[in-house]
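*Asks:* from the sequence below, what's the structure:
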Amino acid sequence: DLFVKGVVMFEKSLTDIIRGIRSHPDDEATYISKCMDDIRKELGQPNIDIKANALSKLTYLQMLGYDASWAAFHAVEVMTGPKYSHKRIGFLAACQIFNEDTDVLIMTTNMIKKALGSHNQFISGLALNGLANFVSHDLARDLGNDVISMMTSVRPYVRKRATLVMYKLFLHYPEALRVAFPRLKDKLDDDDPSVQAAAVNVICELARKNPKNYISLAPKFFSILTTSQNNWMRIKIVKLFAALCPVEKRLGAKLIEPLTRLIHDTPATSLLFECISTVLIGIPTHTATIQLCVQKLRFFIEDQDQNLKYLGLQAMSQVLAIAPKEVFPHRDLIVNCLDDRDESIRLRALDLLAGMVTKKTLVDIVRKLLQHLEVVDGHSYRDEVVAKIAEMCSKNTYKYVVDFEWLLQVLVQLTKVENTTHGKLLCDQMMDVSIRVSVLREFSVKQMRDLLSDTRLYSAHCVSCGVSEVLYAAAWIVGEFSSSSSADDEEEVINNLLNERVLILPSHIQAVFVHNALKMYSSASKRLGDSEESSQTLERIRKTMSERLSDFTESGDLEVQERAVMVSQVLQFINDDISKGHTPHNDVLKLFEGDLPPVASKAQKKVPVPENIDLDEWINSPPESSDEEEEEGDLFADAMFSTAVGTSFTSTSYVAESEDEDEKQRRKETRMAQQAANPYHLGSYSNSVSSLKLEPQEDIDDIPIEPIDLGSLKIDVIPSRQTFDVVSTRQSTEKKKKKK
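*Replies:* Just a heads-up that it's a prediction; the model follows:
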């Protein structure tokens, strides 16, 4: 006893552990490792006080991230301690260590059952709290009736905790809900407000999973909402009504009066926000209430509290979806949020502005966003602004764009945003607008020529971040719609397309540059005509192109190399034809003659099927199934089991289409026979094999018997069991005679 008391006296307490960790900042892991060793030794002591102290220290270390699952059994020992202080430490450790798969959890059933029935309400509370944290299916099934009976306890403290823990029991053992629901419903009328609030909380959480089952409780909750002064309970009930309104449409009309009164009168911001959210979900068509909500949300957005401002913008987005006209007057307030220091608020305001776009407001909103891009910091946020501008402009297939020249200028201006990664998005929109709007093409060609001469886009930085993708659209538009332009600078454009700086661009952009250089030459030959001066100009252009194409013909990308070789051959053909006195430029023009108009996605469905064509009929004879092809390719099976059916191994070869049907049938029968003789082949071919004509096997009677001359061979015959029995019987008889 003195030894045990000495250990208790000199062991470290939880306070000592905390102080020690703080005093060892450099070697904290070493210190904790030493403490762990001490805790292991202390948990092995028979004294319950030592174990409880060690377990409290281990629980603290577990909160710091160290594994304590190895002490699960010791936690059970401390939970069964005689003192309340021991039980409190044990249940706390169990809440931290135990889970549904803990092995020793099954040992706690009777102990928890005993604690639930304790006369000490605080011990019962410990058991209920622990059960809520580590309940499993088996525990919920075995202890469900005990917890349900505790809901009718005379002590409000026990009733409240028992009501709350029922939710966890329902999750692990749903069958208990049918039994416990009548008592849970009765708790809504409990005299104690805390018990009533616990019942409301449990039912609200259940209604979030399946609100249809709790519509019958709507009158009771309506009564609590109008009579209770507990804001926390009001919030829960309002959230419950938000879940019930989509299921029961008539409920929204009943809630207009109490919700409007709460929105007007309540000073609680949390309750006000939940009332507004419920109105937006349950009463979206009541204009007067929606206007009241928007006025209150304006106060949220103007507040200095960042959280309230964010919630106001979030709720305003919901209003925008159901009543956009109520939000439009507050556009300036939302634009001001773009200058907020919190990026999440700026992003939320950006989403709101994107939803407020109309034909009248698009230009103004985009102008303000472009000005905002010049002063704002943060690469990711700037990228988001660029994407939103492109999204607003292309919304509903450019429904809100009135001036497409303005749109193209905006897209070109966005390419100058530093470090933007949306080059592909801008490229697609430039091409899409130029293809759709034919009157825009001349202006588009001018803008794209300026992009091709912008040396900034050829830098390694622009290539790495992706903004150089706009050069793809620039080269394609300049080449495809060169005939739409009245400019006479084809030679300059060709120099830009085949400049050596192009080699730094991705291969798919290089391929477009090379291909459209030929288009530009075709356009130049058409514009210049056949005069002597024009011929000299075209010859100079061909010479320049031939010299610069040599870099592209040696490209490592196959597409670039192929297009460069093709253009080189076309130029060589032109030179050869001109040397013969011909004028091949008209032939070159035919390569790119005419437009390729866009085709609607559903155009193919409108094409009638000719009467004499059966789309379900095979054009050629159908190929063999994939299974048969795999079977033909099974060389391993053919080689290993070919001797079983009297065939020799032959490698699988390609069967020409010219083989007759008899040959194919013979090959198929041979293959099926091989599979039938293969004991390792998976699949049943009984029906197929039964029809095969296998080679007849030899009759056993026809096998000749050859005589064997043993000669002088000596064979040691092993006596049979009967011989041993006879010998043993004789020996036993002789022994009996001798005894007589």
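
*Asks:* make it CA atoms for all contacts and neighbour counts henceforth
*Replies:* Fine.

*Asks:* could you report the neighbour count for residue 28?
*Replies:* By the criterion of other C-alpha atoms under 10 Å, residue 28 has 13 neighbours.

*Asks:* tell me which helix or strand residue 431 sits in.
*Replies:* helix 423-436 (DSSP states H and E).

*Asks:* could you identify the helix or strand that succeeds the least confident helix or strand in the chain by mean pLDDT?
*Replies:* Across the helices and strands of the chain, mean confidence by mean pLDDT, DSSP states H and E is lowest for helix 635-641: a mean of 40. Under the assignment DSSP H and E, the closest C-terminal helix or strand after helix 635-641 is helix 661-677.

*Asks:* what residues sit buried inside the helix or strand just after the helix holding residue 431?
*Replies:* Using DSSP H and E, the helix or strand that follows helix 423-436 in sequence is helix 441-452. Neighbour-count burial for helix 441-452, counted by 16 or more other C-alpha atoms under 10 Å, picks out 441-449, 451-452.

*Asks:* so which of the residues you listed comes closest to residue 130?
*Replies:* Each of the buried residues of helix 441-452 was scored against residue 130 by C-alpha to C-alpha, and residue 451 proved nearest at 68.9 Å.

*Asks:* quick one: that closest one and residue 409, what's the gap?
*Replies:* According to C-alpha to C-alpha, to the nearest Å, residue 451 and residue 409 sit 11 Å apart.

*Asks:* how long is stretch 41-53 end to end?
*Replies:* 12 Å.

*Asks:* number of residues surrounding the nearest residue to residue 501 once chain neighbours are set aside?
*Replies:* Computed as C-alpha to C-alpha, 6 or more residues apart in numbering, the closest residue to residue 501 that is not its neighbour in sequence is residue 458, at 6.6 Å. A count of nearby residues for residue 458, using other C-alpha under 10 Å, gives 19.

*Asks:* correct me, but residue 458 touches residue 499?
*Replies:* No: between residue 458 and residue 499 there is no contact under C-alpha atoms under 8 Å: 10.6 Å.

*Asks:* isn't residue 301 up against residue 308?
*Replies:* Yes: between residue 301 and residue 308 a contact is recorded at 6.8 Å, counting by C-alpha under 8 Å.

*Asks:* ok, now which ones touch residue 415?
*Replies:* 423, 426, 467, 470 (C-alpha atoms under 8 Å, 6 or more residues apart in numbering).

*Asks:* and the two most separated of those?
*Replies:* Longest span within the contacts of residue 415, C-alpha to C-alpha: 426 and 467, 8.5 Å.

*Asks:* tell me the backbone dihedrals of residue 173, please.
*Replies:* Per-residue torsions, residue 173: phi -140, psi 80 (degrees, to the nearest 10).

*Asks:* show me the contacts for it.
*Replies:* Residue 173 touches 137, 140-141, counting by C-alpha under 8 Å, 6+ apart.

*Asks:* ranking by neighbours, what's the top pick from these?
*Replies:* residue 140 (25 neighbours).

*Asks:* ok so, going back, in the helix holding residue 431, what's buried?
*Replies:* So helix 423-436, judged by 16+ other C-alpha under 10 Å, has buried residues 423-427, 429-431, 433-435.

*Asks:* give me the residues contacting it.
*Replies:* 387, 390, 394, 404, 408, 411, 414-415, 440-441, 444, 466-473, 477.
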